[in-house]
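Visitor: I would like the atomic coordinates for the input below:
(4 chains)
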Number of protein chains: 4
Amino acid sequence: MEPDAPARHLYDRDPTVSTFGIELVEAHADGATVRMTVRPDMCNGYGMVHGGLTFLLADSAMAFASSGEGEAALATSAGIDWFAPVRAGQVMTATAIRGGGGTKAVVWDVDVTADGVTVARFRGRTRKIGSPVIDG
Amino acid sequence: MEPDAPARHLYDRDPTVSTFGIELVEAHADGATVRMTVRPDMCNGYGMVHGGLTFLLADSAMAFASSGEGEAALATSAGIDWFAPVRAGQVMTATAIRGGGGTKAVVWDVDVTADGVTVARFRGRTRKIGSPVIDG
Amino acid sequence: MEPDAPARHLYDRDPTVSTFGIELVEAHADGATVRMTVRPDMCNGYGMVHGGLTFLLADSAMAFASSGEGEAALATSAGIDWFAPVRAGQVMTATAIRGGGGTKAVVWDVDVTADGVTVARFRGRTRKIGSPVIDG
Amino acid sequence: MEPDAPARHLYDRDPTVSTFGIELVEAHADGATVRMTVRPDMCNGYGMVHGGLTFLLADSAMAFASSGEGEAALATSAGIDWFAPVRAGQVMTATAIRGGGGTKAVVWDVDVTADGVTVARFRGRTRKIGSPVIDG
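Guide: Down below sits the predicted model:
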C-alpha cells in the first residue's frame, strides 16, 4: 500500500474537496498537506477570507493525516489562531504534523501559509474509531 | 438605529452568506443567531457535515455578534468541541452570546444545535479595531 | 452512596488540596465546586494571582466532577480565558458543569469567580479509564 | 542590557518561583525556558503531578518570554494537551517560543518535557500593556 493510500481513498469519496477546490498535495502516516485557492465567494464583508474557511482547510489536512495509518478517525476538538488576512486569489497551504498523543488519541499541529507567510496555526485532536478507512 | 443594524449591514456585504446559505436570524449588542441547512456538498467522506463548516457557522455567529455595538471587530482565536454528527438536510443553528472580556477584547460562546441536539460548542475571541461597521 | 462519595474519596487522597488550601464545596455526577483563598505566595511579580493557579483551581473542579459517576477519569486537554486580576486575600470559587460529550469522553465548563466577578472561564476534556475511583 | 534582563527582573520579584521551586534557565526576546522538580505535595490522588502544575510551569515560561522585549505583557488565554503522567522526583522543563502574532499580541508555544519525553504541549496568548518591565 502506498503511504498516501488511505488519505487518497478518503479524498476520492469526499464531496467537500470539490466544493472548495481542495487539493491533496501529500499524505502519510504522520502528516498531510492540502492546498486551496481563495475564491471571492469565500471572503467576508471585509474582503478577507472567512476565518472559518482557513479553519476548514486546516481541519481537512488533519482529517487526511489522521487516516494515514489506515484506521478511520474522528476529530473531537480543535482551535485556531489567525495571524494575517488572506484575500481572493491567494493560495493557502495547510500542513498537518503529528504533535503528540498515543495510538488512538492524537494531537495534530497544522500551519496554514499563504505566499510564504504563516496566516494561521491550528491544533486539533482526533480519535480512532476502530474501523478501516478502506473496506474489503 | 435598530439593534441588528450593524450585523445586517455586514451581512448584506458578506459574499459567504450566500455561498453557504447562512441566514441571520437575530443580532444585538450581546449576541447573534445564524442558521444553515446542510447540503450534500458540505459533507465529508463519512457522509457527515465537514467539521470545518460547523466551525464556520459558529464563527459567523460570532462575527455578527461582535459587530453588534457598531464597531468593527476581528476574530483572533477560537476553539470548538464536536459532539454529534450532522447529516445533509439537517438545519444547524448557531447562537453566540458574550462570554466575558472587556470593551475591546471579547470572548464569545457559541452553541450549535441541530434538531434540538447540541452538536458542537465553540469559544472564540474578537478584538475591536477602532473603525465603525457602517461608514458615513 | 452519597452523590459526592467518589469526589470525597479522591479529595481525601489528594495531597495538592492541602498544598493549596483547596476546599471541596460540592460534588455530584454532573459537576463540582471548589474554593481557594489566594495567598501572597501564589501571586506573581505584578501582585496578581499566578494565572496558572486560577487554571489549577478550575482543573481541580473538573477532576472532582469527572469522578462523580464513580469511574476514574483523566484530563486530556483544557483551555482558559482570564478576564480580571485577583489579589492575595481574595477567595476564588470554581464551579464545573458538564458541557457536553458522551459517556466516556466529557467536556466540562468551569467558571471561576472572586467577590462575585467572573475572573476566568475554563473548558476541559476528560476521558474515563475503566477503573473505579473507590476500590474494593 | 543583557537579553534576559527583563525576565530576570520579573523573576526576582515573583513569589511563586520560590513557592514552586521554579528555576529560570534562559530568557530572550523570543522565548524562555524554566525548570521545576515535582514534589510529592504537587501530586494528585493518582500519584501523578497535578495537571494544573504542568500548566503553571508552561504559563511561567510564557510569562518570562513575553517580557523579553522589556515591555510588560499579560496572558489573555491559553490551552494545554497532556500526553504522559509525571511523578514526584521528576524534573519538568518548559520551553516557550514565539509562535506567531504581531508586536502587541503574541502567541506562544510551550513544550513541557520530563526525562526526554514530551509530557504536555501548551499554546497561549499575551498582550503588551504599554508599561516597561523595569521602571526608572
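Visitor: do the lowest-mean-pLDDT helix or strand in chain A and chain B meet at all?
Guide: Ranked by mean pLDDT, DSSP states H and E, the helix or strand of chain A with the weakest confidence is helix A:5-12, at a mean of 93. Yes: if you take Cβ under 8 Å from any Cβ of the partner chain as the test, helix A:5-12 does meet chain B, through A:Leu10, A:Tyr11. Where you see a C-beta, it was placed from the backbone N, CA and C, and this is true even at glycine.
Visitor: hmm, who's touching stretch A:108-118?
Guide: A:38, A:54, A:57-59, A:61-62, A:65-66, A:83-84, A:86, A:90-99, A:119-126, D:100 (Cβ atoms under 8 Å, 6 or more residues apart in numbering or on different chains).
Visitor: report the buried residues of the least confident helix or strand of chain A.
Guide: Of all the residues in helix A:5-12, those buried under the rule 16 or more other Cβ atoms under 10 Å in any protein chain shown are A:Pro6, A:Ala7, A:Arg8, A:His9, A:Leu10, A:Tyr11.
Visitor: please apply the same query to stretch A:113-124.
Guide: Those buried within stretch A:113-124 under the rule 16+ other Cβ under 10 Å are A:Thr113, A:Ala114, A:Val119, A:Ala120, A:Arg121, A:Phe122, A:Arg123, A:Gly124.
Visitor: looking at the residues you listed, which is nearest B:Leu24?
Guide: A:Ala120 (25.1 Å; Cβ to Cβ).
Visitor: hang on, the closest one is in a strand, isn't it?
Guide: Yes: under DSSP: H, G, I helix; E, B strand; the rest coil, A:Ala120 sits within a strand.
Visitor: contacting residues around the spatially most central residue of chain A?
Guide: Geometric centre of chain A, nearest residue: A:Ala61, 1.8 Å, by Cα atoms, centre = their mean. By Cβ under 8 Å, 6+ apart, the contact list for A:Ala61 reads A:Ala32, A:Thr33, A:Val34, A:Ala94, A:Thr95, A:Ala96, A:Trp108, A:Val110.
Visitor: if you set the cut-off to 10 Å instead, what comes out?
Guide: A:7, A:22, A:24-27, A:31-35, A:93-97, A:108, A:110-112, A:122, A:124 (Cβ atoms under 10 Å, 6 or more residues apart in numbering or on different chains).
Visitor: which residues in chain A form helices?
Guide: With DSSP state H, the ranges of helices along chain A come out as A:5-12, A:15-20, A:51-66.
Visitor: check the ones you listed for me and report the most buried one.
Guide: Of the helices of chain A, the one with the most neighbours on average (mean count of other Cβ atoms under 10 Å in any protein chain shown) is helix A:51-66, at a mean of 28.
Visitor: gap between the residue nearest to the centre of chain A and A:Thr93?
Guide: Using Cβ to Cβ, to the nearest Å, we find A:Ala61 at a distance of 9 Å from A:Thr93.
Visitor: then A:Tyr11?
Guide: Plainly put, A:Tyr11 is 16 Å away from A:Thr93 if you go by Cβ to Cβ.
Visitor: ok, so what distance separates A:Tyr46 from chain B?
Guide: Applying Cβ to the nearest Cβ, to the nearest Å, the value for A:Tyr46 to chain B is 7 Å.
Visitor: contacting residues for that residue?
Guide: Counting by Cβ under 10 Å, 6+ apart, A:Tyr46 makes contact with A:Pro85, A:Arg87, B:Leu10, B:Arg13, B:Asp14, B:Ala63, B:Ala72, B:Leu74, B:Ile129, B:Val133.
Visitor: again, but for A:Gly68
Guide: A:3-7, A:10, A:27-32, A:96, A:98, A:106, A:133.
Visitor: what is the burial count for the nearest residue to A:Ala88 once chain neighbours are set aside?
Guide: Nearest non-adjacent residue to A:Ala88, counting by Cβ to Cβ, 6 or more residues apart in numbering or on different chains: A:Pro40, 4.5 Å away. With neighbours defined by other Cβ atoms under 10 Å in any protein chain shown, the count for A:Pro40 comes to 13.
Visitor: thought A:Pro40 was touching A:Gly47?
Guide: Yes: judged on Cβ atoms under 10 Å, A:Pro40 makes contact with A:Gly47 at a distance of 8.9 Å.
Visitor: now the common contact residues for these two.
Guide: In contact with both A:Pro40 and A:Gly47: A:Arg87, A:Ala88, B:Pro15, using Cβ under 10 Å, 6+ apart.
Visitor: can you pull the pLDDT of the closest residue to the last one other than its chain neighbours?
Guide: This means B:Pro15. Closest residue to B:Pro15 in three dimensions, ignoring its sequence neighbours and counting by Cβ to Cβ, 6+ apart: A:Asp41, at 5.0 Å. Note for A:Asp41: predicted pLDDT of 97.
Visitor: A:Asp41 and B:Phe20, how far apart?
Guide: Using Cβ to Cβ, one gets 9 Å for the distance from A:Asp41 to B:Phe20.
Visitor: overlap of the contact sets of those two?
Guide: With Cβ under 10 Å, 6+ apart as the test, A:Asp41 and B:Phe20 both reach A:His50.
Visitor: what sits against A:Glu71?
Guide: Counting by Cβ under 10 Å, 6+ apart, A:Glu71 makes contact with A:Pro6, A:Thr103, A:Lys104, A:Lys128, A:Ile129, A:Gly130, A:Ser131, A:Pro132, A:Val133.
Visitor: which of the residues you listed lies closest to D:Ala78?
Guide: Comparing the contacts of A:Glu71 against D:Ala78 with Cβ to Cβ places A:Lys104 closest, at 25.5 Å.
Visitor: residue contacts, that closest one?
Guide: A:Glu71, A:Ala73, A:Thr126, A:Arg127, A:Lys128, A:Ile129, A:Gly130, C:Arg127.
Visitor: okay if I get those residues as a markdown table plus distance to A:Gly79 and pLDDT?
Guide: Shown next, in a markdown table, are these (distance: Cβ to Cβ, whole Å; pLDDT from 0 to 100):
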| residue | distance to A:Gly79 | pLDDT |
| --- | --- | --- |
| A:Glu71 | 24 | 92 |
| A:Ala73 | 18 | 94 |
| A:Thr126 | 14 | 98 |
| A:Arg127 | 16 | 97 |
| A:Lys128 | 21 | 95 |
| A:Ile129 | 22 | 91 |
| A:Gly130 | 26 | 87 |
| C:Arg127 | 18 | 97 |
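Visitor: A:Val133 touches A:Pro6, doesn't it?
Guide: Yes: in this structure, A:Val133 is within contact of A:Pro6 by Cβ under 10 Å, at 4.2 Å.
Visitor: find the residues that touch each one of those two.
Guide: Joint contacts of A:Val133 and A:Pro6 (Cβ under 10 Å, 6+ apart) are A:Ser66, A:Ser67, A:Gly68, A:Glu69, A:Gly70, A:Glu71, A:Ala72.
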